[in-house]
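In: coords please:
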Amino acid sequence: MAGEPGPGQEDDLRLANSLRAGDVIALTEVYDTYAPFLYDYCHGLLRDRVEAAGALRNIVIQAREHIDRLTEPDRLRGWLYAIARKECMRRRDSPNRHTGQEAPEADDDLTDEQLARREERRLLAHSALAALNGRQREAIDLSVRHELDEVDLSGIFGMPLEETLALVEKSREDLGAALHAALIAQNHWKECPSVSALTESWPLSPQAATSLVRHVASCPVCGERETPPLQTDRLLSVLPIAAIPGDLRLDVLTAATAEDRSANRRAIAAWTEPFDEYGWPLPYEPSPARSRDRSPRRRGPLIAAVAVAVGAVVLLVGAMSWLGGDDTGAAAGGPVTGGSGSPGGESSDPDPSPSGLDPSVTSPSPTASKSPSKSPSPSKTPSKTPSKTPPPPDRPEPPRAGRLSVQGCSMGNGQDSCVIRITAVGGPVNWRVTGTSGPVAAGGAGRLEAGQVGGVRVSRDSGLCLGRQSGSVTVSPGGTASVSYWC
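Out: Model prediction:
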């Protein structure tokens with residue numbers, strides 16, 4: 001991560017050559033060197049610790065099986081991220097993916113005051129990143145937090161280098177504008193009614209962040225405001241890092257080296273194919289059944305195929321009726337379906353966390369579907385009693401509502417506002433500020449998913465003030481948060 005020493009290209013070259021030679025100890029070193037970073041990246045894409053752990057295991061296996069393909073061994077680290085992205089996109093496209101268990105944050109030895117400052121800076125970072133699209137957030141995350149260069153990003157995204165350079169430059173420009181707007185909202189929100197209306201809840205939603213950037217660019221009052229310079233790496237350094245499970249190391253290395261799992265490793269390695277001429281995996285492409293609704297170019301052929309299938313069924317039913325068949329359902333042989341899949345693959349705008357998220361070649365599917373019979377035959381003994389209507393499928397239970405944890409805040413000397421921290425615990429929560437007491441003011445409403453942290457900005461009374469002042473803000477359904485300040 002940014003601010004931490006990362007492996008250099010000499011280490012990449014040495015480890016890649018050792019892997020090619022079949023050195024098992026080198027595989028252990030590869031895990032110890034890269035696994036924490038790859039796990040955090042996978043967790044950012046998948047938002048689930050179980051999926052991230054499974055992805056990391058497959059990445060290590062795929063890297064060992066395909067290391068001979070890499071023509072530039074000094075690019076091992078970027079190549080591993082390309083494998084990781086393809087594996088994560090494949091998992092995101094699965095209708096059976098595990099969801100809802102995010103990994104805990106890596107521990108930091110910080111005081112309560114440092115944690116409070118970091119939380120406020122973190123809300124600012126999320127508000128600025130919310131104005132970017134998914135691909136921009138991922139490019140910023142990879143180039144800043146994971147310290148990968150544009151050549152690596154070109155291989156990871158499967159884009160020409162010129163387009164990658166343009167993407168990174170535009171992402172940095174847009175993040176700078178979004179950060180400027182977020183700082184204005186944080187420090188000068190009282191001076192512009194439009195900004196105040198857009199920033200009732202904190203961090204900003206993508207819609208509010210985008211509207212805020214547009215407003216600041218066109219508002220004569222906000223346009224004159226100057227904000228303190230803030231380096232991008234310092235801004236993103238406060239974002240949470242997913243803690244890699246301590247017991248994952250043995251599981252991954254065993255799966256990658258055990259002799260009795262060689263067949264399983266070959267199957268997992270096949271998911272990474274195909275590769276380009278430099279040995280980098282081509283971006284993930286959803287299987288045809290799942291990409292049918294996404295690709296406009298397949299719309300015409302698909303409609304034509306459906307029409308032919310419907311025509312064939314009509315002719316078959318008509319023929320059976322002419323022959324005297326009295327059970328058209330049995331004569332038709334049942335519906336012929338093409339299979340369906342969850343459209344949960346790559347999204348242009350994933351959640352506001354700095355993870356991102358265009359495939360070009362179909363990857364092998366782990367399971368093959370059986371093709372329907374070409375010539376369905378009518379039932380020999382049609383039933384005289386109508387078949388019972390099958391019971392409706394079980395509907396999935398809606399997610400259980402969570403509760404809201406509320407934490408108060410205090411304003412230092414010279415500050416006229418602070419942010420109450422609210423956290424959804426045990427499930428999603430729809431929250432709203434329902435009242436205040438004392439010389440403070442606050443408002444806002446929103447929704448937090450399970451484990452998501454938000455904030456409510458509280459301002460102090462601008463009237464005469466002597467000594468310590470205190471008040472409270474009631475947030476439903478969480479409770480009451482205390483607010484204090486000195487003047």
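
In: then stretch 203-222 to PDB, C-alphas only?
Out: C-alpha atoms of stretch 203-222 as PDB (Å, rounded to 0.1, in the frame of the first residue of the first chain):
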ATOM      1  CA  PRO A 203     -20.100  10.700   3.200                       C
ATOM      2  CA  LEU A 204     -21.700  11.900   0.000                       C
ATOM      3  CA  SER A 205     -23.600   9.500  -2.200                       C
ATOM      4  CA  PRO A 206     -22.400   9.300  -5.900                       C
ATOM      5  CA  GLN A 207     -25.300  11.400  -7.000                       C
ATOM      6  CA  ALA A 208     -24.700  14.100  -4.400                       C
ATOM      7  CA  ALA A 209     -20.900  14.100  -5.100                       C
ATOM      8  CA  THR A 210     -21.400  14.500  -8.800                       C
ATOM      9  CA  SER A 211     -23.900  17.300  -8.300                       C
ATOM     10  CA  LEU A 212     -21.600  19.000  -5.900                       C
ATOM     11  CA  VAL A 213     -18.700  19.000  -8.300                       C
ATOM     12  CA  ARG A 214     -20.900  20.500 -11.000                       C
ATOM     13  CA  HIS A 215     -22.200  23.100  -8.600                       C
ATOM     14  CA  VAL A 216     -18.700  24.200  -7.400                       C
ATOM     15  CA  ALA A 217     -17.600  24.500 -11.000                       C
ATOM     16  CA  SER A 218     -20.400  26.900 -11.900                       C
ATOM     17  CA  CYS A 219     -21.100  28.700  -8.600                       C
ATOM     18  CA  PRO A 220     -19.500  32.200  -8.300                       C
ATOM     19  CA  VAL A 221     -19.400  32.000  -4.500                       C
ATOM     20  CA  CYS A 222     -17.900  28.500  -4.300                       C
END
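
In: which parts of that stretch are buried?
Out: Residues of stretch 203-222 classed as buried by neighbour count (16 or more other C-beta atoms under 10 Å): 203-206, 208-213, 215-216, 219, 222. (C-beta placed from N, C-alpha, C; glycine too.)

In: and if you look at stretch 429-438?
Out: 429, 431, 433, 436.

In: And for stretch 252-268?
Out: Neighbour-count burial for stretch 252-268, counted by 16+ other C-beta under 10 Å, picks out 252-253, 255-257, 265, 268.

In: swap in stretch 24-37?
Out: Buried residues in stretch 24-37 (16+ other C-beta under 10 Å): 26-27, 29-31, 33-37.

In: if we can go back for a sec, I'd like to know which of the buried residues of stretch 252-268 is nearest to residue 68.
Out: Nearest to residue 68 among these is residue 265, at 14.5 Å by C-beta to C-beta.

In: Output the helix or strand hosting residue 64 in CSV with nothing but the alpha carbons.
Out: Using DSSP states H and E, residue 64 falls within helix 49-66. This file holds the C-alpha atoms of helix 49-66, laid out as CSV (Å, rounded to 0.1, in the frame of the first residue of the first chain):
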residue,chain,number,x,y,z
ARG,A,49,-13.9,-12.3,2.8
VAL,A,50,-14.9,-15.8,1.7
GLU,A,51,-14.8,-14.9,-2.0
ALA,A,52,-11.6,-13.0,-1.5
ALA,A,53,-9.9,-15.9,0.2
GLY,A,54,-11.1,-18.3,-2.6
ALA,A,55,-9.8,-15.9,-5.2
LEU,A,56,-6.4,-15.6,-3.6
ARG,A,57,-6.0,-19.4,-3.5
ASN,A,58,-6.9,-19.6,-7.2
ILE,A,59,-4.5,-16.8,-8.1
VAL,A,60,-1.5,-18.5,-6.5
ILE,A,61,-2.4,-21.8,-8.3
GLN,A,62,-2.9,-20.0,-11.6
ALA,A,63,0.3,-18.1,-11.3
ARG,A,64,2.3,-21.3,-10.6
GLU,A,65,0.6,-23.1,-13.5
HIS,A,66,1.1,-20.3,-16.1
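
In: Which other helices and strands does the helix ranked longest in the chain contact?
Out: Within the chain, and with DSSP state H defining each element, the longest helix by residue count is helix 161-187. Judged by 3 or more C-beta pairs under 8 Å, 6 or more residues apart in numbering; DSSP states H and E, helix 161-187 is in contact with helix 112-129, helix 134-140, helix 150-157, helix 193-198, helix 206-218, helix 232-236.

In: Max pairwise distance over the buried residues of stretch 252-268: which two?
Out: So, these by C-beta to C-beta: farthest apart are 253 and 268, at 14.6 Å.

In: What separation is there between residue 54 and residue 163?
Out: Going from residue 54 to residue 163 by C-beta to C-beta, to the nearest Å gives 31 Å.
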